[in-house]
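K.L.:
Can you look at this prediction? I've put the sequence above it.
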Amino acid sequence: MPLPIPSLMTDRLILRAPREADFPKMLAFNDSPRSAFVGGPLERRWVWRGLLANIGHWALRGYGFYSVDTKAGDFIGRIGVIFHDGWPEPELAWHLYDGFEGHGYGREAALAARADYHARVSSQPLISMIDVANTRSEALAVRLGAAREVTKTDPEGDYHIYRHPAPEARA
């Protein structure tokens, strides 16, 4: 079943469909301390299932995580809009891999993914759910124009919900 997953291009990045070749870098991210902010580290089989679930998310909802490459060909992370069962609203989310933070890649890719979602799916403002200890992710949300709305607690811990601006409110 071929999926119509668009490719997006920015000045420095290509946002593309996930593929099996992404799995080793996903494992490396999972095995790093940084995965703690997204429920990791997990057993290898759950990382594999996460890759498959993302493809399924695209099939069911028409959007999901893009795999993000630099134009030089480095796979640097996953960024996109996801809406899992039990979540309050669709979320703009990002996972940048080790060595690729601090270059503006997260903002560049998130802006492209957010614009694509609003153009193809819905003009509904998105949220980002960010672990209260993940200050770098919070800083990115603010750079994207999002504002902290509320702090929540669930069995996995405390997180802030940031609300992104409506499409017409952005410059």
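P.N.:
Cool, got the structure. Bear in mind that the values here come from a model prediction, so they are computed numbers and not experimental data.

K.L.:
contacting residues for E138?
P.N.:
E138 sits next to 130, 148, 160, 162 when contact means Cβ atoms under 8 Å, 6 or more residues apart in numbering. Glycine gets a C-beta too; all of them are placed from N, C-alpha and C.

K.L.:
same question but for F37, I mixed them up
P.N.:
Here F37 is in contact with 130-131, 133-134, 137 (criterion: Cβ under 8 Å, 6+ apart).

K.L.:
Please tell me how far it sits from W94.
P.N.:
As judged by Cβ to Cβ, to the nearest Å, F37 and W94 stand 11 Å apart.

K.L.:
Give the residues shared as contacts by these two.
P.N.:
S137.

K.L.:
what helices or strands is the lengthiest helix in the chain leaning on?
P.N.:
Longest helix in the chain by number of residues, with DSSP state H as the criterion: helix 44-61. Identification of packing neighbours for helix 44-61 by 3 or more Cβ pairs under 8 Å, 6 or more residues apart in numbering; DSSP states H and E yields helix 23-30, strand 75-82.

K.L.:
What subset of the contacts of E138 is buried?
P.N.:
For the contacts of E138, a burial check counting by 16 or more other Cβ atoms under 10 Å picks out 130, 160, 162.

K.L.:
how far is the helix or strand where the second one lies from where the chain is centred?
P.N.:
With secondary structure defined by DSSP states H and E, H160 is part of strand 157-163. How far strand 157-163 lies from its chain's middle: 15 Å, per Cα atoms, centre = their mean, to the nearest Å.

K.L.:
what's the answer for stretch 59-76, then?
P.N.:
Distance, stretch centre to chain centre, for stretch 59-76: 9 Å (Cα atoms, centre = their mean).

K.L.:
What mean pLDDT does that stretch get?
P.N.:
In this model, stretch 59-76 has a mean pLDDT of 96.

K.L.:
start to end distance for it?
P.N.:
Using Cα to Cα, to the nearest Å, the end-to-end distance of stretch 59-76 comes to 23 Å.

K.L.:
so can I have CSV of the contacts of F37 showing pLDDT?
P.N.:
Output for the contacts of F37, formatted as CSV (pLDDT from 0 to 100):
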residue, pLDDT
I130, 97
D131, 95
A133, 94
N134, 94
S137, 96
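
K.L.:
Tell me the buried residues within the residues you listed.
P.N.:
By 16+ other Cβ under 10 Å, the contacts of F37 give 130-131, 134, 137 as buried.

K.L.:
returning to what we had before: adding distance to A59 as columns, could you present the buried ones among the contacts of E138 in CSV?
P.N.:
Shown next, in CSV, are the buried ones among the contacts of E138 (distance: Cβ to Cβ, whole Å):
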residue, distance to A59
I130, 27
H160, 30
Y162, 28
